[in-house]
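Asker: here is my input, please return the structure:
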Amino acid sequence: MDTVSRREFLAGGALLLTARSYSRIVGANDRIQIGQIGCGHRAAGHRQMLKMSAETDPNFDLRSVCDLWSMNRERAADDARRLFGRRPKTYQYSEEMLADPELDAVMIGTGDHQHARILAEVVRAGKDCYCEKPMANTLDDAKLARDVVVAGRQVVQMGSQWLSCPYQHQVRDILRSGKLGKIVAISQRWNYNGPRWHIPKDENVAAIRERDTDWKRWLLGRPERPFDPRVYFEFRIFKDFSGGITDQWYSHGAGLAHFYLDAFIPDDTVSNGGIFAWHDVRENPDTFHCVSTFAKSQVLYDYSTTFGNAYGDHTIIRGTRGTLYSPGGEGSPQWWFVPEARSLWGSNVVFDSGPGKTRPEPVLLPGTNDPPPIKQDDNLKAHTDNWLACMRSRKTPNGSIETGFAHSVAVIMATRSYREGRKIYWDRKREEIVDHASSATD
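Answerer: Predicted structure coming up:
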């Protein structure tokens, strides 16, 4: 896609929205024809999710795969044949695949900077969509994708898979019940010890040749630069294409915080960090911390990741009457409830639950007796189950376009605050990032 303004893109696609968006709507009994745009590592995870979801709803085909790099799309087609028994059609360019009138839906697993524009392209072509996170890492792209999806009738699922985890839903139900009292803070610490997203001897970097892909198309509006295989595959550590930790792990963290609180987009964010552990080719931080507030719900939210130490993963949700604690990292399904025994100031006792009331209680699903493991696989079957079901019912999926826009804005605010070295604010009325709190509330 050539570089165009958001207004030009929307205006130019109006006819497509009316002509195509309503042309093929999946019904309850239709065999859904699915394609993939982007055939790298995450797309392989998408195929695994579809394979598991076939146990629940086998009435679909992986019809086609699309990738700019010839080797990626051929490997994906071979893997699809192994998983589903037939080899899908292969395409280099998205517009060629989207022209297929029998194609119903597309899963996007491209680079971070490409998601939003390709999502808009897919929806304009009248296809339902599953879009990897982050939905966008610029505000213009976030608004573009949101506006196109809202204007159409397509079912769009964000790739924020933990929004379909039943344990995260159980946590939100506990918060909604008031069991924790007034929520005052959420804290997430998700760590890893290693040079995340950088592989010095990556076979793909060694194998790719510029003639076998389309570098200009891959850049998709980002600043021109010579072909660089390292950037092509490790885009997450280069600041022109991603915020790294913010785009990836923090997008999950912020999305879950929004989910728990029933609140979208923080009112302010301040970030810090740096490259403290892995002094390689990366431009994005390997150590990062940001703090935000949600003014209406009066909650402080802080998030931290280090790639130089893996100890101490957790999420803590603090309320005046109790705490929810997860001893795992991103997407951990294991949660414990710990009640607050007493609340007091001097002799002024607000409440006293009495002795023996503070033993942690596991958060369990109905019909279960034991807490789940601390970790679970990124390829969460429940999320593709939800997408397939919503394509048939035409209901809004768990990872709605609203959640995608919200996590995108949170990501953009956190990245900008880190790079600019200042606190920034969200103006909810104007939908703009601003410099001062007073501007945000005018």
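
Asker: how about residue 144, secondary structure?
Answerer: Recorded secondary structure, residue 144: helix (DSSP: H, G, I helix; E, B strand; the rest coil).

Asker: so it touches residue 121, yeah?
Answerer: No. Look at residue 144 against residue 121 with CB atoms under 8 Å: they stay out of range, at 10.5 Å. Heads up, the C-betas are built off the backbone N, CA and C, glycines and all.

Asker: point out where this protein drops to low pLDDT.
Answerer: Along the chain, the parts satisfying pLDDT under 70 run over 1-24, 356-357, 438-442.

Asker: domain-wise, how is it divided?
Answerer: What automatic domain parsing lists as the domains of the chain is 6-161+382-401, 164-197+242-378+411-424.

Asker: give me whichever of the ones you listed is most buried.
Answerer: Among the domains of the chain, ranked by average contacts under mean count of other CB atoms under 10 Å, first place goes to domain 6-161+382-401 (a mean of 20).

Asker: just give me how far it sits from the chain centre.
Answerer: On the basis of CA atoms, centre = their mean, to the nearest Å, domain 6-161+382-401 sits 15 Å off its chain's mean C-alpha point.

Asker: which residues in the stretch 301-442 of the chain form helices?
Answerer: For the stretch 301-442 of the chain, the helices defined by DSSP state H, counting those that start in this stretch occupy 381-393, 401-420, 437-441.

Asker: now do the contacts for residue 420.
Answerer: With contact set as CB atoms under 8 Å, 6 or more residues apart in numbering, residue 420 has no partners.

Asker: for residue 290, see how far away it is.
Answerer: 13 Å (CB to CB, to the nearest Å).

Asker: coming back round to it: so which of the domains of the chain is nearest residue 214?
Answerer: Between residue 214 and the domains of the chain, the tightest spacing by CB to CB is seen for domain 6-161+382-401, at 4.9 Å.

Asker: rewinding a little: okay if I get the helices of the stretch 301-442 of the chain as TSV plus distance to residue 306?
Answerer: Output for the helices of the stretch 301-442 of the chain, formatted as TSV (distance: least, CB to CB, whole Å):
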stretch	distance to residue 306
helix 381-393	27
helix 401-420	14
helix 437-441	29
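
Asker: mind listing what residue 98 touches?
Answerer: Per CB under 8 Å, 6+ apart, neighbours of residue 98: 35, 106, 121, 122, 125, 127.

Asker: from those residues, which two are the most distant?
Answerer: Across the contacts of residue 98 (CB to CB), the longest gap, 12.3 Å, separates 35 and 121.

Asker: out of the contacts of residue 98, who's nearest residue 83?
Answerer: The closest of the contacts of residue 98 to residue 83 turns out to be residue 35 (CB to CB; 14.9 Å).

Asker: would it be right to say that the closest one lies in a helix?
Answerer: No. Counting by three-state DSSP, residue 35 is located in no helix; its state is strand.

Asker: what's opposite the nearest residue in space to it that is not next to it in sequence in the beta bridge?
Answerer: Closest residue to residue 35 apart from its sequence neighbours, by CB to CB, 6 or more residues apart in numbering: residue 64 at 4.1 Å. Residue 64 has these beta-bridge partners by DSSP bridges: residue 35, residue 89.

Asker: okay, and the beta partners of the nearest residue to residue 245 once chain neighbours are set aside?
Answerer: The shortest distance from residue 245 to any non-neighbouring residue, by CB to CB, 6+ apart, is to residue 288 (4.5 Å). When bridges are called by DSSP bridges, residue 288 pairs up with residue 273, residue 305.

Asker: doesn't residue 91 make contact with the residue nearest to residue 35?
Answerer: Yes. Using CB under 8 Å, residue 64 makes contact with residue 91 at a distance of 6.3 Å.

Asker: list residues touching both of these two?
Answerer: residue 97.

Asker: can you give me the helices for the stretch 151-300 of the chain?
Answerer: Under DSSP H, counting those that start in this stretch, the stretch 151-300 of the chain gives helices at 166-177, 203-207, 215-219, 229-233, 251-261.
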